[in-house]
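Trainee: dropping the sequence and predicted coords here.
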Amino acid sequence: MIFAANFKTNHTRKSTEYYVQDLNKKLGAKDPEDKVYIFPPATALDNYEGDFTLGVQNAYPAVNGAYTGEIGLEQLDEFDIGTILIGHSERREHLGESQKTVSEKFSFFQEQNFEIIYCIGEPLHIREKGFEAVMQYLLAQFEGIDTGYENLIVAYEPIWAIGTGRSATVEEISSTHRALKKVIDGKPLLYGGSANPSNIKEIISIAGVDGVLVGSASLEVEKFSKMFL
Ligand code: PGA
């Protein structure tokens, strides 16, 4: 199983350092087959050591250049970062990333052989229309995306379940994952959206779920580590 912590715009460089220290104390007890990832904000990237993968929440698809406010490959290479989240709904929604932007980012980081956690997810009004509408919406988020890419992990995150405390039901996760698995040729598929220590056992026991991408419940090490211990 994959347990990925997406800090979003939370934690500082200092608090991430403490987080990593505490996380390392917990990681010795995890199942060696399980993989833990952390995605701190860009200002807290560093040369951390431990049995986890450090990834970046976002980057600009360029080595370097005149892209005010962005970071590129050069800034990621400084910390040997080779894992990136692309297509998160908050970037699509609040930062206005179109499918074109997202797919260009994907292609750039694919060329750099990055491990890509590619996020997709539907808003509530689409879920309310039923399963077919959901799948149509999700499939459109694969436009321009090479689903055959070997370093691809997909995260299915229904937008209405993100940060709301209301996770999708077992049936919703199960049917959506079953359909998505066919599209992504069996690549690892994470679920994201209010995953927490109380519902994690149920979520990871669903067929077609290979792990979780966790926001709110990942911010405290105690809470996050309960999910993989
Ligand atoms: P959440 O966020 O766990 O707070 O719902 C998940 C995500 O956006 O990755």
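Mentor: Happy to help now that I have it.
Trainee: contacting residues around the closest residue to the ligand within the chain?
Mentor: Residue of the chain nearest the ligand, by C-beta to the nearest ligand atom: residue 215 (2.4 Å). Yep, even glycine has a C-beta here, placed from its N, CA and C like the rest. The neighbours of residue 215, taking C-beta atoms under 8 Å, 6 or more residues apart in numbering as the test, are 6, 8, 162-163, 192.
Trainee: which residue packs closest to it, ignoring adjacent ones?
Mentor: Spatially, and ignoring its direct neighbours in sequence, residue 215 is nearest to residue 6 (5.1 Å; C-beta to C-beta, 6 or more residues apart in numbering).
Trainee: now residue 164: how far from residue 124?
Mentor: 10 Å (C-beta to C-beta, to the nearest Å).
Trainee: secondary structure element for the most far-flung residue of the chain relative to its centre?
Mentor: In the chain, the greatest distance from the average C-alpha position (C-alpha atoms, centre = their mean) is reached by residue 66, at 27.3 Å. Counting by DSSP states H and E, there is no helix or strand that carries residue 66.
Trainee: need the per-residue pLDDT for it.
Mentor: For residue 66, the model assigns a pLDDT of 98.
Trainee: quick check, residue 197 in a strand?
Mentor: No - counting by DSSP: H, G, I helix; E, B strand; the rest coil, one finds residue 197 to be coil, located in no strand.
Trainee: name the residues of this protein found near the ligand, please.
Mentor: 6, 157, 162-163, 192-195, 213-217 (C-beta under 6 Å from any ligand atom).
Trainee: filter those residues down to the buried ones and hand me the ChimeraX line.
Mentor: Command for ChimeraX that selects the buried part of the residues of the chain next to the ligand, burial taken from 16 or more other C-beta atoms under 10 Å:
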select :6,157,162,192,193,194,195,213,214,215,216,217
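Trainee: TSV please, covering the residues of the chain next to the ligand and showing secondary structure, pLDDT and distance to residue 183.
Mentor: Formatted as TSV, those follow (DSSP: H, G, I helix; E, B strand; the rest coil; pLDDT from 0 to 100; distance: C-beta to C-beta, whole Å):
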residue	secondary structure	pLDDT	distance to residue 183
6	strand	98	23
157	coil	98	16
162	coil	93	21
163	coil	89	26
192	strand	97	17
193	coil	96	19
194	coil	95	24
195	coil	97	22
213	strand	98	18
214	strand	98	23
215	coil	98	24
216	helix	97	28
217	helix	98	28
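Trainee: quick one, strands of this structure?
Mentor: Applying DSSP state E to the chain gives strands spanning 2-6, 35-39, 53-54, 83-86, 115-120, 152-156, 189-192, 211-214.
Trainee: what about the longest one, distance to the chain center?
Mentor: It refers to strand 115-120. Relative to the chain's own centre, strand 115-120 is displaced by 6 Å; criterion: C-alpha atoms, centre = their mean, to the nearest Å.
Trainee: check the first one too.
Mentor: A distance of 7 Å separates the C-alpha centroid of strand 2-6 from that of its chain, computed with C-alpha atoms, centre = their mean.
Trainee: hang on, isn't residue 79 packed against residue 44?
Mentor: No - using C-beta atoms under 8 Å, residue 79 is not in contact with residue 44, being 10.4 Å away.
Trainee: residue 140: how many residues sit nearby?
Mentor: Using other C-beta atoms under 10 Å, residue 140 is surrounded by 11 other residues.
Trainee: more neighbours: residue 79 and residue 44, which one.
Mentor: residue 44 (21 against 13).
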